[in-house]
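Trainee: Provided below for reference: sequence and predicted model.
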Amino acid sequence: MTLTGGVGRRTAGRRLDEVLQLRSDGRVHAGVADALADAGCDVYVEYAKPKAIAEVKANILDAIDGGAHVVVGSSGLSDADYAEIDAVARSRGRGVLACGNFALTMVLMQKFAEMAARCIPDFEIIDYAKGSKPDAPSGTGRELAMRLGQVVQPQPQVPIDQVNGPAGVRGATLNGVQVHALRLPGFVLGIEVVFGMADQRLHLRHEAGSGAEPYVDGALLAIREVGRLVGVVRGLDRVMNL
């Protein structure tokens with residue numbers, strides 16, 4: 001792999017070897033279109049913060065228009081956003097691999113949760129993160145709710161619209177699944193699915209620290225595999241032999 005360029009407003013115009021202390025002849029540009037026009041690339045990786053979600057979507061569309069496949073590591077895009085991106089990607093013959101989480105242990109947890117949902121139809125998701133995380137739920141939580149809801153949509157014993165209490169006290173419903181976002185100091189990133197049956201429970205939980213190391217192997221795998229795709233594919237496991 002060769003890093004051909006980068007996008008960043010504060011460092012635009014500088015060389016990558018100055019900004020990142022690595023060997024590269026590429027430069028940092030203010031926008032995706034400029035970066036692709038200058039050096040081009042096979043794969044564009046989108047890591048922008050979720051508070052700039054409109055910019056994230058625009059970056060992805062610019063990259064596809066510039067002829068690149070795209071790996072999405074940013075959270076906050078909606079199902080409607082991905083539907084629009086999918087249509088554009090298919091019209092250009094490009095692949096977009098959207099990964100709510102690049103950690104391989106999280107990928108396995110998703111698969112285990114799907115297996116459990118086929119046998120235990122009653123479950124809810126708890127999404128953990130630090131207090132300053134603006135998107136709720138996280139991209140990981142959104143992806144998990146989407147995938148589990150495709151397996152089965154739980155039917156609460158008390159329907160959500162019949163709960164006696166403040167609106168939202170039972171969390172938010174995403175793709176038929178109740179999701180509760182916990183945002184407190186002391187957490188970094190975590191996700192848990194609680195499955196319930198009569199007199200028994202199953203807890204599947206993933207946690208990660210503040211370092212980048214858990215996500216490196218998965219990110220590299222996504223970059224290598226996205227070129228085989230056409231349209232939007234959500235979930236790193238879709239390109240793994242699981």
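Mentor: It's in.

Trainee: In space, what's closest to the residue nearest to the spatial centre of the chain - neighbours in sequence excluded?
Mentor: Closest residue to the average C-alpha location of the chain: Gly100 at 2.0 Å, with C-alpha atoms, centre = their mean. Counting by C-beta to C-beta, 6 or more residues apart in numbering, Gly100 lies nearest to Glu143, which is 3.4 Å off, once chain neighbours are set aside. The way it works is simple: take the backbone N, C-alpha and C, and place the C-beta from them, glycine included.

Trainee: so how many other residues sit close to that neighbour?
Mentor: Glu143 has 22 neighbours, counted by other C-beta atoms under 10 Å.

Trainee: what does the one 5 residues further on give?
Mentor: Counted by other C-beta under 10 Å, the residues lying close to Leu148 total 25.

Trainee: do Ala89 as well
Mentor: Ala89 has 24 nearby residues by other C-beta under 10 Å.

Trainee: Now do the contacts for it.
Mentor: 64, 70, 95-96, 230-232 (C-beta atoms under 8 Å, 6 or more residues apart in numbering).

Trainee: Not counting its own residues, what contacts whichever strand or helix holds Gly196?
Mentor: Element membership of Gly196, judged by DSSP states H and E, is strand 189-197. If you take C-beta under 8 Å, 6+ apart as the criterion, strand 189-197 is touched by 101, 106, 109, 113, 116-117, 120, 122-129, 138, 140-141, 144, 148, 201-208.

Trainee: Just the buried residues of the helix or strand harbouring Val71, please?
Mentor: Per DSSP H and E, Val71 falls inside strand 69-72. Using 16 or more other C-beta atoms under 10 Å as the test for burial, strand 69-72 gives 69-72.

Trainee: From the residues you listed, pick the one nearest Arg23.
Mentor: Val71 (21.9 Å; C-beta to C-beta).

Trainee: contacting residues around that closest one?
Mentor: 43-46, 96-97, 99, 219, 222-223, 226 are the contacts of Val71 under C-beta under 8 Å, 6+ apart.

Trainee: coming back round to it: give me the sheet partners of the strand holding Gly196 and which way each runs.
Mentor: strand 123-129 (antiparallel), strand 200-208 (antiparallel) (DSSP bridges).

Trainee: What is the neighbour count of Leu220?
Mentor: There are 13 residues near Leu220, going by other C-beta under 10 Å.

Trainee: The one 10 residues further on too?
Mentor: Using other C-beta under 10 Å, the number of residues around Val230 comes to 15.

Trainee: Roughly how far does it sit from Ile85?
Mentor: 12 Å (C-beta to C-beta, to the nearest Å).

Trainee: try Val158
Mentor: 37 Å.

Trainee: With neighbour numbers in mind, choose between the two.
Mentor: Ile85 (22 against 9).

Trainee: does that one belong to a helix or a strand, and which?
Mentor: Ile85 belongs to helix 79-92 when assigned by DSSP H and E.

Trainee: Give me the buried positions along that helix.
Mentor: 81-82, 84-86, 88-89, 92.

Trainee: Neighbours of the closest residue to Leu174 other than its chain neighbours, how many?
Mentor: Excluding the flanking residues, the one nearest Leu174 by C-beta to C-beta, 6+ apart is Ala145, at 4.0 Å. If you count neighbours by other C-beta under 10 Å, Ala145 ends up with 24.

Trainee: which strands and helices sit next to the strand or helix carrying Met106?
Mentor: Take DSSP H and E as the rule and Met106 turns out to sit in helix 104-119. Packing partners of helix 104-119 (3 or more C-beta pairs under 8 Å, 6 or more residues apart in numbering; DSSP states H and E): strand 123-129, helix 139-151, strand 189-197, strand 200-208, helix 213-225.
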